[in-house]
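*Asks:* Sequence first, predicted model second:
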Amino acid sequence: MTNLVQRVGQVALEALRGLGHNATFFADLVRNVPTALRRPYLVVAQVHAIGNLSLLIIMASGLAVGFVLALQSYYALVTYGASESLGLLVNLSLVRELGPVVTALLFAGRAGTSLTAEIGLMKAGEQLAAMEMMAIDPKSRVLAPRFLGGIMAMPVLAVLFSAVGILGAYVVAVRLIGVDDGNFWSIMQNGVDVWRDVGNGIIKSIMFGVICTFVAVYQGYEAQATPEGVAHATTRTVVISSLSVLATDFVLTALMFTH
Amino acid sequence: MGKKGIETLVGFFVLLGIVGLLFLALKAANLGSFTSSGGTYSVTAKFDNIGGLKVRAPVRSAGVTVGRVASIALDPKTYQGVVRLDMQRSVQFPSDSSARILTSGLLGDQYIGLEAGAEEKVLAAGDVIKQTQSAVVLESLISQFLFNKAADAGSSSPAAPASGGKK
(Lines give C-alpha, C1' and ligand atoms only; values in the text may rest on other atoms or scores of the structure.)
Protein backbone atom coordinates (compact mmCIF):
# COMPACT_ATOMS: atom_id res chain seq x y z
CA MET A 1 0.00 0.00 0.00
CA THR A 2 2.67 2.47 1.04
CA ASN A 3 4.62 1.27 -1.97
CA LEU A 4 1.78 2.21 -4.27
CA VAL A 5 1.42 5.66 -2.79
CA GLN A 6 5.15 6.16 -2.99
CA ARG A 7 5.11 5.07 -6.64
CA VAL A 8 2.34 7.53 -7.49
CA GLY A 9 4.25 10.31 -5.81
CA GLN A 10 7.40 9.32 -7.64
CA VAL A 11 5.67 9.40 -11.01
CA ALA A 12 4.04 12.74 -10.27
CA LEU A 13 7.30 14.32 -9.14
CA GLU A 14 9.06 12.90 -12.17
CA ALA A 15 6.47 14.39 -14.51
CA LEU A 16 6.69 17.73 -12.74
CA ARG A 17 10.47 17.69 -12.95
CA GLY A 18 10.32 16.95 -16.66
CA LEU A 19 7.93 19.83 -17.17
CA GLY A 20 10.15 22.17 -15.18
CA HIS A 21 13.20 21.05 -17.11
CA ASN A 22 11.38 21.75 -20.38
CA ALA A 23 10.31 25.16 -19.14
CA THR A 24 13.76 26.25 -17.99
CA PHE A 25 15.24 24.99 -21.24
CA PHE A 26 12.65 26.99 -23.16
CA ALA A 27 13.40 30.10 -21.11
CA ASP A 28 17.12 29.60 -21.78
CA LEU A 29 16.48 29.29 -25.47
CA VAL A 30 14.35 32.43 -25.57
CA ARG A 31 16.99 34.31 -23.59
CA ASN A 32 19.54 33.38 -26.24
CA VAL A 33 17.41 34.57 -29.15
CA PRO A 34 18.76 38.16 -29.14
CA THR A 35 22.33 36.83 -29.24
CA ALA A 36 21.43 34.70 -32.23
CA LEU A 37 19.85 37.68 -33.95
CA ARG A 38 23.15 39.49 -33.70
CA ARG A 39 24.54 36.92 -36.13
CA PRO A 40 21.80 36.83 -38.70
CA TYR A 41 23.74 34.65 -41.08
CA LEU A 42 23.46 31.68 -38.70
CA VAL A 43 19.67 32.09 -38.70
CA VAL A 44 19.54 32.53 -42.48
CA ALA A 45 21.51 29.33 -42.98
CA GLN A 46 19.02 27.51 -40.76
CA VAL A 47 16.03 28.95 -42.61
CA HIS A 48 17.63 27.53 -45.71
CA ALA A 49 18.19 24.11 -44.17
CA ILE A 50 14.75 23.97 -42.57
CA GLY A 51 12.60 25.98 -44.94
CA ASN A 52 14.02 25.90 -48.46
CA LEU A 53 14.79 22.22 -48.37
CA SER A 54 11.28 21.41 -47.09
CA LEU A 55 9.64 23.35 -49.90
CA LEU A 56 9.33 20.41 -52.26
CA ILE A 57 7.60 18.02 -49.85
CA ILE A 58 5.34 20.76 -48.48
CA MET A 59 4.21 21.99 -51.88
CA ALA A 60 3.76 18.50 -53.29
CA SER A 61 1.67 17.52 -50.28
CA GLY A 62 -0.35 20.72 -50.49
CA LEU A 63 -1.10 20.08 -54.13
CA ALA A 64 -2.12 16.48 -53.43
CA VAL A 65 -4.33 17.50 -50.50
CA GLY A 66 -5.98 20.17 -52.64
CA PHE A 67 -6.64 17.68 -55.44
CA VAL A 68 -8.14 15.05 -53.18
CA LEU A 69 -10.13 17.46 -51.07
CA ALA A 70 -11.71 18.96 -54.19
CA LEU A 71 -12.54 15.57 -55.68
CA GLN A 72 -14.03 14.14 -52.52
CA SER A 73 -16.02 17.15 -51.46
CA TYR A 74 -17.36 17.54 -55.00
CA TYR A 75 -19.14 14.19 -54.76
CA ALA A 76 -20.66 15.13 -51.43
CA LEU A 77 -21.63 18.67 -52.44
CA VAL A 78 -23.08 17.86 -55.85
CA THR A 79 -25.81 15.81 -54.13
CA TYR A 80 -27.09 19.03 -52.59
CA GLY A 81 -26.55 21.11 -55.68
CA ALA A 82 -23.91 23.09 -53.86
CA SER A 83 -20.88 22.14 -55.93
CA GLU A 84 -19.98 25.80 -56.37
CA SER A 85 -19.28 26.11 -52.64
CA LEU A 86 -16.44 23.68 -53.16
CA GLY A 87 -13.86 26.45 -53.28
CA LEU A 88 -15.07 27.82 -49.98
CA LEU A 89 -15.02 24.41 -48.32
CA VAL A 90 -11.52 23.63 -49.56
CA ASN A 91 -10.23 27.09 -48.71
CA LEU A 92 -11.59 27.13 -45.16
CA SER A 93 -10.36 23.65 -44.35
CA LEU A 94 -6.93 24.40 -45.78
CA VAL A 95 -6.41 27.85 -44.33
CA ARG A 96 -7.83 27.13 -40.90
CA GLU A 97 -6.83 23.55 -40.21
CA LEU A 98 -5.05 21.45 -42.78
CA GLY A 99 -2.50 24.04 -43.83
CA PRO A 100 -1.03 24.65 -40.38
CA VAL A 101 -1.51 21.12 -39.03
CA VAL A 102 -0.35 19.01 -41.97
CA THR A 103 2.56 21.38 -42.52
CA ALA A 104 3.53 20.98 -38.87
CA LEU A 105 3.31 17.19 -39.08
CA LEU A 106 5.43 17.12 -42.24
CA PHE A 107 7.78 19.65 -40.69
CA ALA A 108 8.27 17.39 -37.67
CA GLY A 109 9.11 14.52 -39.98
CA ARG A 110 11.25 16.41 -42.47
CA ALA A 111 12.99 19.15 -40.48
CA GLY A 112 12.46 18.21 -36.83
CA THR A 113 14.17 14.85 -37.17
CA SER A 114 17.15 16.31 -38.97
CA LEU A 115 17.54 18.97 -36.26
CA THR A 116 17.41 16.35 -33.50
CA ALA A 117 19.83 14.03 -35.25
CA GLU A 118 22.24 16.85 -36.02
CA ILE A 119 22.30 18.21 -32.49
CA GLY A 120 22.32 14.71 -31.00
CA LEU A 121 25.33 13.75 -33.07
CA MET A 122 27.07 17.00 -32.17
CA LYS A 123 26.55 16.01 -28.58
CA ALA A 124 27.65 12.42 -29.17
CA GLY A 125 30.77 13.67 -30.96
CA GLU A 126 31.40 15.99 -27.99
CA GLN A 127 31.33 19.03 -30.24
CA LEU A 128 28.97 20.78 -27.85
CA ALA A 129 31.26 20.03 -24.95
CA ALA A 130 34.21 21.35 -26.95
CA MET A 131 32.31 24.57 -27.59
CA GLU A 132 31.68 24.99 -23.90
CA MET A 133 35.40 24.50 -23.30
CA MET A 134 36.01 27.42 -25.64
CA ALA A 135 33.54 29.46 -23.62
CA ILE A 136 31.00 29.48 -26.43
CA ASP A 137 27.51 28.79 -25.23
CA PRO A 138 26.13 26.08 -27.53
CA LYS A 139 22.64 27.27 -26.72
CA SER A 140 23.25 30.62 -28.36
CA ARG A 141 25.57 29.37 -31.12
CA VAL A 142 23.82 26.14 -32.11
CA LEU A 143 20.34 25.91 -30.63
CA ALA A 144 18.94 29.44 -30.79
CA PRO A 145 19.59 29.95 -34.55
CA ARG A 146 17.88 26.64 -35.30
CA PHE A 147 14.98 27.55 -33.03
CA LEU A 148 14.55 30.92 -34.76
CA GLY A 149 14.96 29.44 -38.21
CA GLY A 150 12.22 26.92 -37.53
CA ILE A 151 9.83 29.54 -36.22
CA MET A 152 10.44 31.69 -39.30
CA ALA A 153 10.15 28.87 -41.80
CA MET A 154 6.94 27.31 -40.48
CA PRO A 155 4.42 30.09 -41.28
CA VAL A 156 5.90 30.53 -44.76
CA LEU A 157 5.60 26.81 -45.40
CA ALA A 158 2.04 26.70 -44.07
CA VAL A 159 0.96 29.65 -46.22
CA LEU A 160 2.49 28.00 -49.28
CA PHE A 161 0.81 24.71 -48.43
CA SER A 162 -2.60 26.41 -48.32
CA ALA A 163 -1.99 28.48 -51.44
CA VAL A 164 -0.81 25.51 -53.48
CA GLY A 165 -3.69 23.43 -52.12
CA ILE A 166 -6.23 26.02 -53.27
CA LEU A 167 -4.61 26.10 -56.70
CA GLY A 168 -4.81 22.31 -56.78
CA ALA A 169 -8.48 22.42 -55.88
CA TYR A 170 -8.98 25.01 -58.62
CA VAL A 171 -7.35 22.74 -61.17
CA VAL A 172 -9.52 19.76 -60.21
CA ALA A 173 -12.79 21.63 -59.66
CA VAL A 174 -12.74 24.15 -62.48
CA ARG A 175 -10.49 22.60 -65.12
CA LEU A 176 -11.33 18.92 -64.66
CA ILE A 177 -14.86 18.77 -63.26
CA GLY A 178 -16.16 21.99 -64.74
CA VAL A 179 -17.40 23.97 -61.74
CA ASP A 180 -18.04 27.58 -62.76
CA ASP A 181 -14.86 29.62 -62.56
CA GLY A 182 -16.39 32.88 -61.29
CA ASN A 183 -18.55 31.24 -58.65
CA PHE A 184 -15.63 29.17 -57.41
CA TRP A 185 -13.65 32.31 -56.55
CA SER A 186 -16.46 34.65 -55.54
CA ILE A 187 -18.15 32.28 -53.07
CA MET A 188 -14.71 31.64 -51.62
CA GLN A 189 -14.00 35.35 -51.31
CA ASN A 190 -17.36 36.01 -49.69
CA GLY A 191 -16.91 33.32 -47.08
CA VAL A 192 -13.26 33.69 -46.11
CA ASP A 193 -12.18 36.52 -43.88
CA VAL A 194 -8.59 37.70 -44.01
CA TRP A 195 -8.14 38.28 -40.31
CA ARG A 196 -10.37 35.62 -38.84
CA ASP A 197 -9.42 32.77 -41.17
CA VAL A 198 -6.10 33.51 -42.84
CA GLY A 199 -4.74 35.47 -39.87
CA ASN A 200 -5.67 32.86 -37.30
CA GLY A 201 -4.20 30.17 -39.52
CA ILE A 202 -0.91 32.01 -39.55
CA ILE A 203 -0.98 32.47 -35.77
CA LYS A 204 -1.55 28.74 -35.49
CA SER A 205 1.38 27.94 -37.73
CA ILE A 206 3.68 30.23 -35.74
CA MET A 207 2.67 28.41 -32.56
CA PHE A 208 3.30 25.07 -34.25
CA GLY A 209 6.67 26.35 -35.42
CA VAL A 210 7.60 27.14 -31.83
CA ILE A 211 6.38 23.74 -30.62
CA CYS A 212 7.96 21.59 -33.34
CA THR A 213 11.32 23.33 -33.33
CA PHE A 214 11.50 23.45 -29.56
CA VAL A 215 10.74 19.74 -29.25
CA ALA A 216 13.32 18.90 -31.92
CA VAL A 217 16.04 21.05 -30.38
CA TYR A 218 15.29 19.87 -26.85
CA GLN A 219 15.30 16.21 -27.80
CA GLY A 220 18.57 16.61 -29.66
CA TYR A 221 20.23 18.46 -26.80
CA GLU A 222 19.00 16.02 -24.17
CA ALA A 223 19.71 12.91 -26.23
CA GLN A 224 21.92 10.27 -24.73
CA ALA A 225 25.27 10.47 -26.42
CA THR A 226 25.08 7.05 -28.04
CA PRO A 227 23.82 5.84 -31.43
CA GLU A 228 20.73 4.36 -29.73
CA GLY A 229 20.21 7.55 -27.78
CA VAL A 230 20.15 9.64 -30.96
CA ALA A 231 17.83 7.13 -32.61
CA HIS A 232 15.41 7.27 -29.69
CA ALA A 233 15.57 11.05 -29.57
CA THR A 234 14.69 11.27 -33.26
CA THR A 235 11.70 9.01 -32.79
CA ARG A 236 10.56 10.94 -29.75
CA THR A 237 10.79 14.19 -31.73
CA VAL A 238 8.28 12.97 -34.27
CA VAL A 239 5.92 11.44 -31.71
CA ILE A 240 5.96 14.33 -29.24
CA SER A 241 5.78 17.07 -31.89
CA SER A 242 2.89 15.41 -33.70
CA LEU A 243 0.88 14.78 -30.55
CA SER A 244 1.46 18.25 -29.14
CA VAL A 245 0.61 19.86 -32.47
CA LEU A 246 -2.69 17.98 -32.62
CA ALA A 247 -3.54 18.78 -29.01
CA THR A 248 -2.60 22.44 -29.37
CA ASP A 249 -4.59 22.63 -32.59
CA PHE A 250 -7.73 21.53 -30.80
CA VAL A 251 -7.26 24.14 -28.07
CA LEU A 252 -6.45 26.90 -30.58
CA THR A 253 -9.42 26.03 -32.78
CA ALA A 254 -11.70 26.09 -29.76
CA LEU A 255 -10.31 29.50 -28.79
CA MET A 256 -10.30 31.03 -32.28
CA PHE A 257 -13.32 29.77 -34.12
CA THR A 258 -16.05 29.56 -31.50
CA HIS A 259 -17.91 32.73 -30.77
CA MET B 1 27.49 26.69 -51.45
CA GLY B 2 28.69 30.15 -50.55
CA LYS B 3 27.15 32.53 -48.10
CA LYS B 4 25.65 34.61 -50.90
CA GLY B 5 24.04 31.62 -52.57
CA ILE B 6 22.27 30.57 -49.39
CA GLU B 7 21.13 34.08 -48.68
CA THR B 8 19.69 34.36 -52.19
CA LEU B 9 17.86 31.07 -51.81
CA VAL B 10 16.39 32.14 -48.48
CA GLY B 11 15.40 35.40 -50.11
CA PHE B 12 13.51 33.43 -52.74
CA PHE B 13 11.89 31.36 -50.01
CA VAL B 14 10.66 34.41 -48.11
CA LEU B 15 9.45 36.12 -51.30
CA LEU B 16 7.59 32.97 -52.27
CA GLY B 17 5.94 33.04 -48.85
CA ILE B 18 4.90 36.65 -49.33
CA VAL B 19 3.46 35.84 -52.75
CA GLY B 20 1.52 32.97 -51.18
CA LEU B 21 0.21 35.24 -48.46
CA LEU B 22 -0.85 37.87 -50.99
CA PHE B 23 -2.61 35.17 -52.96
CA LEU B 24 -4.48 34.00 -49.86
CA ALA B 25 -5.37 37.53 -48.81
CA LEU B 26 -6.36 39.01 -52.15
CA LYS B 27 -7.50 36.16 -54.34
CA ALA B 28 -8.81 33.65 -51.82
CA ALA B 29 -10.18 35.99 -49.15
CA ASN B 30 -12.02 39.26 -49.26
CA LEU B 31 -9.33 41.79 -48.41
CA GLY B 32 -9.25 44.59 -50.96
CA SER B 33 -12.57 43.67 -52.51
CA PHE B 34 -14.11 46.48 -50.55
CA THR B 35 -11.59 48.78 -49.00
CA SER B 36 -10.39 50.01 -52.37
CA SER B 37 -13.57 51.91 -53.10
CA GLY B 38 -12.79 54.91 -50.91
CA GLY B 39 -14.39 54.37 -47.53
CA THR B 40 -17.89 53.76 -46.32
CA TYR B 41 -20.72 55.55 -44.57
CA SER B 42 -23.06 53.85 -42.16
CA VAL B 43 -26.84 53.91 -42.05
CA THR B 44 -29.18 51.93 -39.83
CA ALA B 45 -32.36 50.02 -40.48
CA LYS B 46 -34.81 48.50 -38.02
CA PHE B 47 -36.44 45.18 -38.69
CA ASP B 48 -39.16 43.35 -36.78
CA ASN B 49 -37.35 40.11 -37.41
CA ILE B 50 -33.88 39.77 -38.88
CA GLY B 51 -34.10 36.01 -39.34
CA GLY B 52 -30.68 34.49 -39.86
CA LEU B 53 -28.90 37.67 -40.93
CA LYS B 54 -25.29 37.78 -39.87
CA VAL B 55 -22.66 40.45 -39.44
CA ARG B 56 -20.66 40.96 -42.67
CA ALA B 57 -23.59 39.79 -44.78
CA PRO B 58 -23.72 41.72 -48.06
CA VAL B 59 -26.06 44.60 -48.82
CA ARG B 60 -27.21 44.32 -52.40
CA SER B 61 -29.09 46.60 -54.69
CA ALA B 62 -30.26 45.09 -57.96
CA GLY B 63 -28.02 42.17 -57.10
CA VAL B 64 -24.88 44.27 -56.88
CA THR B 65 -23.06 44.33 -53.56
CA VAL B 66 -22.99 47.92 -52.32
CA GLY B 67 -22.23 47.44 -48.65
CA ARG B 68 -22.00 45.10 -45.71
CA VAL B 69 -23.78 44.58 -42.41
CA ALA B 70 -21.58 46.15 -39.75
CA SER B 71 -23.44 45.23 -36.59
CA ILE B 72 -26.70 43.82 -35.32
CA ALA B 73 -28.31 44.78 -32.01
CA LEU B 74 -31.68 44.77 -30.31
CA ASP B 75 -33.46 48.04 -29.66
CA PRO B 76 -34.38 47.79 -25.96
CA LYS B 77 -37.49 49.98 -26.35
CA THR B 78 -39.20 48.73 -29.47
CA TYR B 79 -37.74 45.20 -29.39
CA GLN B 80 -36.74 45.51 -33.02
CA GLY B 81 -33.49 44.36 -34.53
CA VAL B 82 -31.25 47.32 -35.31
CA VAL B 83 -28.94 46.61 -38.22
CA ARG B 84 -26.11 48.99 -39.02
CA LEU B 85 -25.02 48.95 -42.66
CA ASP B 86 -21.67 50.12 -43.97
CA MET B 87 -22.40 51.46 -47.43
CA GLN B 88 -19.82 52.14 -50.11
CA ARG B 89 -19.24 55.87 -50.37
CA SER B 90 -19.37 55.76 -54.14
CA VAL B 91 -23.04 54.72 -54.10
CA GLN B 92 -25.75 57.12 -52.94
CA PHE B 93 -29.35 56.09 -52.30
CA PRO B 94 -32.51 58.22 -52.05
CA SER B 95 -33.63 58.77 -48.46
CA ASP B 96 -36.89 56.88 -48.97
CA SER B 97 -35.17 53.68 -50.11
CA SER B 98 -36.49 50.47 -48.62
CA ALA B 99 -34.57 47.55 -47.18
CA ARG B 100 -35.62 43.93 -47.20
CA ILE B 101 -34.00 40.82 -45.80
CA LEU B 102 -33.74 38.28 -48.58
CA THR B 103 -32.26 34.85 -49.03
CA SER B 104 -29.99 33.89 -51.91
CA GLY B 105 -31.45 30.67 -53.17
CA LEU B 106 -33.54 28.34 -51.07
CA LEU B 107 -30.84 27.43 -48.60
CA GLY B 108 -28.39 30.26 -49.18
CA ASP B 109 -27.21 33.00 -46.89
CA GLN B 110 -29.39 35.94 -46.03
CA TYR B 111 -28.57 39.41 -47.28
CA ILE B 112 -30.16 42.84 -47.31
CA GLY B 113 -31.78 43.95 -50.52
CA LEU B 114 -31.93 47.70 -50.95
CA GLU B 115 -34.49 49.21 -53.29
CA ALA B 116 -33.99 52.79 -54.36
CA GLY B 117 -36.82 55.23 -53.74
CA ALA B 118 -37.75 58.40 -55.59
CA GLU B 119 -36.72 61.13 -53.15
CA GLU B 120 -34.24 63.81 -54.21
CA LYS B 121 -32.45 63.74 -50.87
CA VAL B 122 -29.90 60.98 -50.41
CA LEU B 123 -29.13 58.88 -47.36
CA ALA B 124 -26.32 60.42 -45.34
CA ALA B 125 -24.19 58.86 -42.62
CA GLY B 126 -26.26 58.10 -39.54
CA ASP B 127 -29.60 58.13 -41.34
CA VAL B 128 -32.26 55.52 -40.70
CA ILE B 129 -33.93 53.55 -43.45
CA LYS B 130 -37.60 53.75 -42.54
CA GLN B 131 -39.22 51.29 -44.88
CA THR B 132 -38.13 47.80 -44.02
CA GLN B 133 -39.47 44.34 -44.54
CA SER B 134 -38.52 41.54 -42.18
CA ALA B 135 -36.99 38.24 -43.05
CA VAL B 136 -39.38 35.54 -44.13
CA VAL B 137 -39.28 32.83 -41.51
CA LEU B 138 -39.78 29.56 -43.29
CA GLU B 139 -41.44 27.85 -40.30
CA SER B 140 -44.19 30.44 -39.96
CA LEU B 141 -44.71 30.40 -43.71
CA ILE B 142 -45.11 26.63 -43.70
CA SER B 143 -47.42 26.63 -40.68
CA GLN B 144 -49.53 29.33 -42.30
CA PHE B 145 -49.71 27.30 -45.49
CA LEU B 146 -50.66 24.14 -43.63
CA PHE B 147 -53.26 26.03 -41.63
CA ASN B 148 -54.83 27.42 -44.80
CA LYS B 149 -54.69 24.01 -46.43
CA ALA B 150 -56.38 22.45 -43.44
CA ALA B 151 -59.06 25.15 -43.40
CA ASP B 152 -59.67 24.63 -47.13
CA ALA B 153 -59.88 20.89 -46.74
CA GLY B 154 -62.29 21.32 -43.82
CA SER B 155 -64.65 23.63 -45.69
CA SER B 156 -64.74 21.63 -48.92
CA SER B 157 -65.44 18.19 -47.41
CA PRO B 158 -68.89 17.95 -45.86
CA ALA B 159 -68.06 14.44 -44.62
CA ALA B 160 -66.00 15.90 -41.80
CA PRO B 161 -68.63 16.55 -39.14
CA ALA B 162 -67.08 19.33 -37.04
CA SER B 163 -65.93 21.77 -39.73
CA GLY B 164 -68.52 20.71 -42.29
CA GLY B 165 -71.34 21.81 -40.03
CA LYS B 166 -70.01 25.30 -39.59
CA LYS B 167 -70.13 26.45 -43.16
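*Replies:* Yep, that arrived. Residues are numbered from 1 along each chain as shown, chains lettered A, B, ... in the order given.

*Asks:* ok, which stretches of chain B are helices?
*Replies:* For chain B, helices defined by DSSP state H occupy the ranges B:3-22, B:138-156, B:161-166.

*Asks:* As CSV, the ones you listed with mean neighbour count and mean pLDDT would be great.
*Replies:* Bear in mind the C-beta positions are built from the backbone N, C-alpha and C, glycine included. What follows is these, written out as CSV (neighbours: other C-beta atoms under 10 Å in any protein chain shown; pLDDT from 0 to 100):
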stretch, mean neighbour count, mean pLDDT
helix B:3-22, 15, 90
helix B:138-156, 11, 85
helix B:161-166, 10, 47
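
*Asks:* any idea how far the helix or strand containing A:V47 is from the chain center?
*Replies:* Taking DSSP states H and E as the criterion, the element that holds A:V47 is helix A:40-50. Its chain's C-alpha centre and that of helix A:40-50 lie 17 Å apart, by C-alpha atoms, centre = their mean, to the nearest Å.

*Asks:* in that helix, what counts as buried?
*Replies:* A:L42, A:V43, A:V44, A:A45, A:Q46, A:V47, A:H48, A:A49, A:I50 (16 or more other C-beta atoms under 10 Å in any protein chain shown).

*Asks:* in chain B, what residue is nearest chain A?
*Replies:* Among residues of chain B, the one nearest chain A by C-beta to the nearest C-beta turns out to be B:G17. It sits 3.3 Å away.

*Asks:* ok now do that residue, which residues does it touch?
*Replies:* Taking C-beta atoms under 8 Å, 6 or more residues apart in numbering or on different chains, we find B:G17 in contact with A:P155, A:V156, A:L157, A:V159, A:L160.

*Asks:* Just put the residues you listed in a markdown table and tack on secondary structure.
*Replies:* A markdown table is the format used below for the contacts of B:G17 (DSSP: H, G, I helix; E, B strand; the rest coil):
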| residue | secondary structure |
| --- | --- |
| A:P155 | helix |
| A:V156 | helix |
| A:L157 | helix |
| A:V159 | helix |
| A:L160 | helix |
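
*Asks:* and which of those residues is nearest chain B?
*Replies:* Sorting the contacts of B:G17 by distance to chain B puts A:V156 at the head of the list, at 3.3 Å, by C-beta to the nearest C-beta.

*Asks:* pretty sure the closest one is touching A:I50, no?
*Replies:* No - A:V156 is beyond contact range of A:I50, at 10.2 Å (criterion: C-beta atoms under 8 Å).

*Asks:* What distance do you get for B:A151 to A:T258?
*Replies:* Between B:A151 and A:T258 the computed distance is 45 Å (C-beta to C-beta, to the nearest Å).

*Asks:* With A:G168 instead?
*Replies:* 29 Å.

*Asks:* Please apply the same query to A:R236.
*Replies:* Note on A:R236: its distance to A:T258, by C-beta to C-beta, is 33 Å.

*Asks:* Just want to know which of those two has more residues nearby.
*Replies:* Between A:R236 and A:T258, counted using other C-beta atoms under 10 Å in any protein chain shown, A:R236 has the larger neighbour count: 17 against 6.

*Asks:* State the helix or strand in which that one lies.
*Replies:* Here A:R236 sits within helix A:227-257, counting by DSSP H and E.

*Asks:* Quick one: list the elements packing against that helix.
*Replies:* Based on contacts counted as 3 or more C-beta pairs under 8 Å, 6 or more residues apart in numbering or on different chains; DSSP states H and E, the elements that helix A:227-257 packs against are helix A:99-107, helix A:113-124, helix A:200-221.

*Asks:* what comes up buried for it?
*Replies:* Taking 16+ other C-beta under 10 Å as the neighbour-count basis, helix A:227-257 is seen to contain the buried residues A:230, A:232-234, A:236-238, A:240-242, A:244-245, A:248-249, A:252.

*Asks:* Show me which residues of the stretch 101-250 of chain A sit near chain B.
*Replies:* For the stretch 101-250 of chain A, the residues found near chain B under the criterion C-beta under 8 Å from any C-beta of the partner chain are A:153, A:155-157, A:159-160, A:162-164, A:166, A:185, A:188-190, A:192-194, A:197-198, A:202.

*Asks:* Next, check those against the helices and list the overlap.
*Replies:* Assignment to helices by DSSP H places the following of these there: A:153, A:155-157, A:159-160, A:162-164, A:166, A:185, A:188-190, A:202.

*Asks:* Using pLDDT, spot the least trustworthy of those residues.
*Replies:* Scanning those for pLDDT, the smallest score is found at A:N190, 78.

*Asks:* Could you report the neighbour count for that one?
*Replies:* As a burial measure, the neighbour count of A:N190 was computed by other C-beta under 10 Å and equals 18.

*Asks:* Against B:A125, how distant is the nearest residue to B:D127 once chain neighbours are set aside?
*Replies:* Using C-beta to C-beta, 6 or more residues apart in numbering or on different chains and skipping residues adjacent in sequence, the residue nearest B:D127 is B:V43, 4.9 Å away. Here B:V43 is placed at a distance of 7 Å from B:A125 (C-beta to C-beta).

*Asks:* In contact with the closest residue to A:S83 other than its chain neighbours: list those residues for me.
*Replies:* Using C-beta to C-beta, 6+ apart and skipping residues adjacent in sequence, the residue nearest A:S83 is A:L77, 4.8 Å away. Contacts for A:L77 were tallied using C-beta under 8 Å, 6+ apart; they are A:S83, A:S85, A:L86, A:L89.

*Asks:* Do I have it right that the last one meets A:S73?
*Replies:* Yes - taking C-beta under 8 Å as the contact criterion, A:L89 and A:S73 are neighbours in contact, 5.2 Å apart.

*Asks:* hmm, back to that, residues near the residue nearest to B:D127, how many?
*Replies:* Under the criterion other C-beta under 10 Å, the count of neighbours that B:V43 has is 24.

*Asks:* May I have the beta-bridge partners of it?
*Replies:* Taking DSSP bridges, one finds B:L85 as the beta-bridge partners of B:V43.

*Asks:* Perfect, that will be all.
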